[in-house]
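Asker: quick check, what structure comes out for this input:
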Amino acid sequence: MTTETVAVETEVAAEQIDELEPLTVEGLYRAGVHLGHLSKRWHPKMRDYIRLKHQKRHVLDMDKTLEAIEHAKTAVREIVAGGGECLMVGTKPQAKNEMERLAKSVDASYITSRWLGGTLTNFATISRRIQALIELEEDFAKGEVQAHTKRELLMKQTEVRRLNKFFGGIKEISKVPDVMYVVGIDREKHAVKEANDLNIPVVAIVDTNCDPTSITHPIPGNDDSHASISLISSHIAAAISEGKELAAQRQRERESMQAERDAQEAAMAAARAAAAERQKQQNSAE
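Answerer: Numbers count the residues shown, from 1 in each chain. You can find the predicted model right below:
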């Protein structure tokens, strides 16, 4: 990808960020982020994030949630700005469409279908399956699909759809991600475990019925409400965009500094050559 392309993409990302409503406690309440599960279903390790119990339901402390979101955004932004990749994971019905939309809007990888065991810990195998999908799609695009019968052709088309269901959101990924954002850690426990096994930082919405200790950057909040998921996830996506913008800016600065160094070295080389030529002419005259 050229520097010019990156610059255009980051300008678009900046516009998307500007459209975000600023994070406020009031906005979190309006989105229902504070609504936890029934108190009988709580996880004791969420105690510090719970503000009170109301009508047998726990209510989360939105001041702490606001602080957690800002902390998580900073972490994601810095990792992406350093050239890292963020994988967005959310297969819950309330989350999957929004996660895919947001991931695509910031050119991030995503998984919104079933998590396949070994996606991270056996990445070499997953990469081969992704490559098979890419090659099959290329064959279809070129009209070079080899099929002896109509049934075989339909089977290959079905295989492409099946593979895209699982790998469509990670076709561009060339290595394990550097950070992972998860919605629904009770459902995505295998994804979280694989990330933990590989020491990949995990950012996640953590509801009152979940254990936050496996999450690097927990965000206490309602992970069942579409509005809550959308609000928090949009800000994480914004952090990804900001990180990409910073990465592009740093790359432009590096290229500018390198061009300046090259120009200085060329000028010095020319000066040395000119001095050598003058010395040669002087020696000849003598």
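Asker: could you list the low-pLDDT ranges of the stretch 101-250 of the chain?
Answerer: 144, 146-148 (pLDDT under 70).
Asker: now with 90, please.
Answerer: 132, 134-164, 166, 172, 174, 250 (pLDDT under 90).
Asker: tell me where it has helices.
Answerer: Counting by DSSP state H, counting those that start in this stretch, the stretch 101-250 of the chain has helices at residues 123-142, 150-167, 189-197, 226-285.
Asker: now the residue most central in space within the chain. Its backbone dihedrals?
Answerer: In the chain, the C-alpha nearest the mean C-alpha coordinate belongs to residue 86, at 2.4 Å (Cα atoms, centre = their mean). Main-chain dihedrals, residue 86, degrees, to the nearest 10: phi -110, psi 130.
Asker: tell me who's in contact with it.
Answerer: Neighbouring residues of residue 86 by Cβ atoms under 8 Å, 6 or more residues apart in numbering: 76, 79-80, 108-109, 177-181, 236, 240, 243. For the C-beta atoms, the positions are set from N, CA and C on the backbone; glycine is no exception.
Asker: and residue 72, how far is that from residue 25?
Answerer: As judged by Cβ to Cβ, to the nearest Å, residue 72 and residue 25 stand 16 Å apart.
Asker: oh, that last question was meant for residue 282, not what I typed.
Answerer: Taken as Cβ to Cβ, the span from residue 282 to residue 25 is 79 Å.
Asker: ok, the two, which is more surrounded?
Answerer: Per other Cβ atoms under 10 Å, whichever of residue 282 and residue 25 has more neighbours is residue 25, with 14 against 9.
Asker: neighbours of the closest residue to that one other than its chain neighbours, just the number please.
Answerer: Closest residue to residue 25 apart from its sequence neighbours, by Cβ to Cβ, 6 or more residues apart in numbering: residue 62 at 4.6 Å. For residue 62, the count of nearby residues is 20 (other Cβ under 10 Å).
Asker: same question, residue 22
Answerer: By other Cβ under 10 Å, neighbour count at residue 22 equals 6.
Asker: state the helix or strand in which it lies.
Answerer: Assigning secondary structure by DSSP states H and E places residue 22 outside every helix and strand.
Asker: residues contacting residue 21?
Answerer: The contact partners of residue 21, taken as Cβ under 8 Å, 6+ apart, are residue 27.
Asker: next one: it, what pLDDT does it get?
Answerer: Reading off the confidence values, residue 21 has pLDDT 78.
Asker: what's the answer for residue 14, then?
Answerer: Looking at residue 14, its pLDDT is 45.
Asker: go on, residue 2?
Answerer: On pLDDT, residue 2 comes in at 45.
Asker: kindly report the same for residue 81.
Answerer: In this model, residue 81 is scored at 97, pLDDT.
Asker: does it really touch residue 247, like I thought?
Answerer: Yes. Proximity of residue 81 to residue 247 meets the contact threshold set by Cβ atoms under 8 Å, at 5.1 Å.
Asker: residues touching the closest residue to residue 215 other than its chain neighbours, list them.
Answerer: Distances taken as Cβ to Cβ, 6+ apart place residue 204 nearest to residue 215, at 4.7 Å, with adjacent residues excluded. Contacts for residue 204 (Cβ under 8 Å, 6+ apart) come out as 181, 182, 183, 185, 192, 215, 217, 218, 219.
Asker: ok, the fourth one - how many residues close by?
Answerer: Residue 185 has 22 neighbours, counted by other Cβ under 10 Å.
Asker: quick check on it: phi, psi?
Answerer: With angles defined as degrees, to the nearest 10, residue 185 sits at phi -70, psi -20.
Asker: what bridges to the residue nearest to residue 215?
Answerer: Beta-bridge pairing for residue 204 (DSSP bridges): residue 182, residue 218.
Asker: separation between it and residue 222?
Answerer: For residue 204 relative to residue 222 (Cβ to Cβ), the value is 13 Å.
Asker: please apply the same query to residue 49.
Answerer: Separation of residue 49 from residue 222 (Cβ to Cβ) stands at 12 Å.
Asker: so between those two, which is more surrounded?
Answerer: Neighbour comparison, residue 49 and residue 222: the larger count goes to residue 222, with 25 against 22 (by other Cβ under 10 Å).
Asker: ok, for the more buried one, nearest residue in space, not its chain neighbours?
Answerer: Excluding the flanking residues, the one nearest residue 222 by Cβ to Cβ, 6+ apart is residue 228, at 4.1 Å.
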